[in-house]
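> Quick one: sequence and predicted model below, then my questions.
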Amino acid sequence: MVALQGPMHGTIVSIAVCPNRGSAYGVSLPKLPFLSQDSVADVQGVGSLPTVRLERRLGKLPVQTMNEIKRALVSALDLEPTASPSR
């Protein structure tokens, strides 16, 4: 599972699946020590999960991969990308 921290007390989750089925909504994940085989993050399987349900962090995805997942979510949900709010 790839977890993206949301603004509320939950976590938006995208499930990492194997193998790559060639879906337009799958983002290939690089080879990482915590992944046992080639995997994709399937942004069609998005849900909400309370952070207390997450037992431990297995690793961290590279920033470039997280940006690809975010772009895939924007595309899958037919959203318009927006600029980050200034704080």
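Arrived safely.
> Which stretches in the chain count as strands?
For the chain, the strands defined by DSSP state E occupy 2-5, 10-17, 26-29, 39-50.
> Can you show me the CA trace of the longest one as PDB?
Extracted as PDB, the C-alpha positions of strand 39-50 are listed here (Å, rounded to 0.1, in the frame of the first residue of the first chain):
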ATOM      1  CA  SER A  39       4.900  -3.400  -8.500                       C
ATOM      2  CA  VAL A  40       2.500  -0.600  -9.600                       C
ATOM      3  CA  ALA A  41       0.400   1.800  -7.500                       C
ATOM      4  CA  ASP A  42      -3.100   1.400  -8.800                       C
ATOM      5  CA  VAL A  43      -4.900   4.700  -8.300                       C
ATOM      6  CA  GLN A  44      -8.300   3.100  -9.100                       C
ATOM      7  CA  GLY A  45      -8.100   1.500  -5.600                       C
ATOM      8  CA  VAL A  46      -8.200   4.700  -3.500                       C
ATOM      9  CA  GLY A  47      -9.800   4.700  -0.100                       C
ATOM     10  CA  SER A  48      -9.500   6.300   3.400                       C
ATOM     11  CA  LEU A  49      -7.800   4.600   6.300                       C
ATOM     12  CA  PRO A  50      -7.300   5.900   9.800                       C
END
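> Could you list every helix and strand in contact with that strand?
Identification of packing neighbours for strand 39-50 by 3 or more CB pairs under 8 Å, 6 or more residues apart in numbering; DSSP states H and E yields strand 10-17, strand 26-29, helix 63-76. To be clear about C-beta, it is placed using only N, CA and C from the backbone, and glycine gets the same treatment.
> Out of those, the one nearest P50 is which?
strand 10-17 (5.6 Å; CB to CB).
> I am finished for the moment; much appreciated.
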